[in-house]
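**Student:** Sequence and computational prediction follow.
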Amino acid sequence: MKNPENLEEAFSIIAKEMEAIFVQKHKDYGKGNILDTGELGIAFRQSDKLNRLKNILQSTSNPANESVDDSWMDMGVYAVIAIMFRRGWFQKLKLKK
């Protein structure tokens, strides 16, 4: 992967990575867990991710199952899901792939 030349390009690279993670996890897990608990459930998942991230950042060893980047990426994906949910898109739309 080449280094981005500006912030817009850097943001776009990360957004594409988030989209790939979202699509793969959506294929693996579906949307039932979000639909069951709604926006509050998303907030709880964010809280779990934040607590894991804080634990990783304060730890002196590297975790076996999740990296700092993984945690940040998952939090970003959940933030996008929350906005889609608030707009009614998550409930109505399906993956095209």
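**Tutor:** Noted; the coordinates are in hand. Numbering: from 1, shown residues only.
**Student:** just the helices in the protein please.
**Tutor:** In the chain, the helices defined using DSSP state H lie at 7-29, 32-58, 68-86, 89-92.
**Student:** Most tightly packed of the ones you listed?
**Tutor:** Mean neighbours per residue, mean count of other Cβ atoms under 10 Å, is largest over these for helix 68-86, with a mean of 16. Where C-beta positions appear, they are placed from N, C-alpha and C, glycine not excepted.
**Student:** elements contacting it?
**Tutor:** Packed against helix 68-86 by the contact rule (3 or more Cβ pairs under 8 Å, 6 or more residues apart in numbering; DSSP states H and E) you find helix 7-29, helix 32-58, helix 89-92.
**Student:** May I see the helices of the chain arranged in CSV, with mean pLDDT as well?
**Tutor:** Below are these laid out as CSV (pLDDT from 0 to 100):
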stretch, mean pLDDT
helix 7-29, 96
helix 32-58, 95
helix 68-86, 96
helix 89-92, 96
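**Student:** picking up where we left off before, would you turn the helices and strands packed on helix 68-86 into TSV with distance to Ser71?
**Tutor:** Formatted as TSV, the entries for these read as follows, by distance: least, Cβ to Cβ, whole Å:
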stretch	distance to Ser71
helix 7-29	12
helix 32-58	4
helix 89-92	22
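**Student:** which stretch among those helices comes nearest Asp74?
**Tutor:** The stretch from those with the least distance to Asp74 (Cβ to Cβ) is helix 32-58; that distance is 5.3 Å.
**Student:** Which elements pack onto the closest one?
**Tutor:** helix 68-86, helix 89-92.
**Student:** how about a cut-off of 6 Å?
**Tutor:** Packed against helix 32-58 by the contact rule (3 or more Cβ pairs under 6 Å, 6 or more residues apart in numbering; DSSP states H and E) you find helix 68-86.
**Student:** could you give the angle of the helix it packs on to helix 32-58?
**Tutor:** Taking axes from the mean of the first three to the mean of the last three Cα atoms, to 10 degrees, one finds that helix 68-86 is oriented at 150 degrees with respect to helix 32-58.
**Student:** C-alpha coordinates for helix 68-86, CSV please?
**Tutor:** Once side chains and other backbone atoms are set aside, the C-alpha atoms of helix 68-86 remain, and they are given as CSV (Å, rounded to 0.1, in the frame of the first residue of the first chain):
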residue,chain,number,x,y,z
VAL,A,68,-5.3,-1.4,18.7
ASP,A,69,-6.0,-0.9,15.0
ASP,A,70,-8.7,-3.6,15.0
SER,A,71,-10.4,-1.9,18.0
TRP,A,72,-10.3,1.6,16.4
MET,A,73,-11.6,0.2,13.1
ASP,A,74,-14.5,-1.7,14.8
MET,A,75,-15.4,1.5,16.7
GLY,A,76,-15.5,3.4,13.4
VAL,A,77,-17.6,0.7,11.7
TYR,A,78,-20.1,0.8,14.6
ALA,A,79,-20.3,4.6,14.3
VAL,A,80,-21.2,4.3,10.7
ILE,A,81,-23.8,1.5,11.5
ALA,A,82,-25.3,3.8,14.1
ILE,A,83,-25.8,6.6,11.6
MET,A,84,-27.2,4.2,9.1
PHE,A,85,-29.6,2.9,11.8
ARG,A,86,-30.7,6.4,12.8
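**Student:** No more questions from me, cheers.
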